[in-house]
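> A predicted structure for the sequence below; I have some questions about it.
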Amino acid sequence: MRARIVAAWMIGASCVLGACRSEKAQEAASTRGRTSALQMAPDFTLPDLNGRQIRLSDFRGKLVIVDFWATWCPPCEFEIPVLNALYDSHKDRDVVILGVSVDTEGPEAVRSYAEKRQVRYQILMGNESLAREFGAPGFPSLIVVGPDGAIRSMHVGLVEEPELLKVLADANAGKAG
């Protein structure tokens, strides 16, 4: 019964969120997960939940997953276990996961949300304009940045673990995915 309620809620939320996106954003989302030409990821410096400044370019040489998300985004919540599993299996390799919150309530609200959901990867405080610089049309938007700093792929919406593992393998092989 709970699974049906969750599924119905996800479908409804997807319809609402899809309807709220602009025509341009919907067109971009229709090319889900794919960037045709490699472009350099915009560099940023953002505070983590403890106020420490984190710079994207400091991770050059590693594969970086930048996940733009928000506490008010139901699909973002469903993606947390997938990213936690990926973090657990890749934390000792050259893979970094940065969850960039676009919330406006501040770090305490985001920290409470992340602790309640047992987020294990690093959370940064960002904003929607930064997400748009990366080309993110909605949330969650997961951007894979290669060791060279180039965007390897973008995925809009919930990403399942098998798809994410394939994207990582392609990115490590130097393919745009």
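Looks like it arrived, so ask away. Computed from a prediction, not measured in an experiment: that's the story for all the values here.
> can we go C-alpha only for contacts and neighbour counts from here?
OK.
> which parts of this structure are helices?
For the chain, the helices defined by DSSP state H cover 2-20, 23-29, 74-90, 107-116, 128-133, 161-172.
> R93: neighbouring residues, count only.
R93 is flanked by 10 other residues according to other Cα atoms under 10 Å.
> how about R52?
With other Cα under 10 Å as criterion, R52 counts 11.
> the chain should start at 790 in everything you say after this.
Okay, residue one is now 790; in that scheme the one you just asked about reads as R841.
> ok, now which ones touch it?
Going by Cα atoms under 8 Å, 6 or more residues apart in numbering, R841 touches no other residue.
> quick check: phi and psi at it.
phi -70, psi 130 (degrees, to the nearest 10).
> hang on, the earlier thing: mean pLDDT for the helices of the chain: which is lowest?
With a mean of 41, helix 812-818 has the lowest mean pLDDT of these.
> quick one: I912 from R900, how far?
Counting by Cα to Cα, to the nearest Å, the gap from I912 to R900 is 8 Å.
> need the residues touching each of the two.
Shared contacts of I912 and R900 (Cα under 8 Å, 6+ apart): L838.
> so for those two, which sits in the more crowded spot?
Comparing I912 with R900 by other Cα under 10 Å, the one with more neighbours is I912, at 26 against 16.
> how about that one, nearest residue that isn't a chain neighbour?
Counting by Cα to Cα, 6 or more residues apart in numbering, I912 lies nearest to G888, which is 4.6 Å off, once chain neighbours are set aside.
> quick one: pLDDT of the one you found?
G888 carries a pLDDT score of 99 in this model.
> tell me who's in contact with Q842.
Taking Cα under 8 Å, 6+ apart as the test, what Q842 contacts is 834-836.
> need the residues you listed in a markdown table (columns: pLDDT).
Listed next are the contacts of Q842 as a markdown table, based on pLDDT from 0 to 100:
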| residue | pLDDT |
| --- | --- |
| T834 | 99 |
| L835 | 99 |
| P836 | 98 |
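> pull out the buried members of those.
835-836 (16 or more other Cα atoms under 10 Å).
> could the contacts of Q842 be laid out in TSV, adding distance to L852?
Shown next, in TSV, are the contacts of Q842 (distance: Cα to Cα, whole Å):
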residue	distance to L852
T834	17
L835	18
P836	20
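> ok, of the contacts of Q842, which one's closest to Q828?
T834 (18.8 Å; Cα to Cα).
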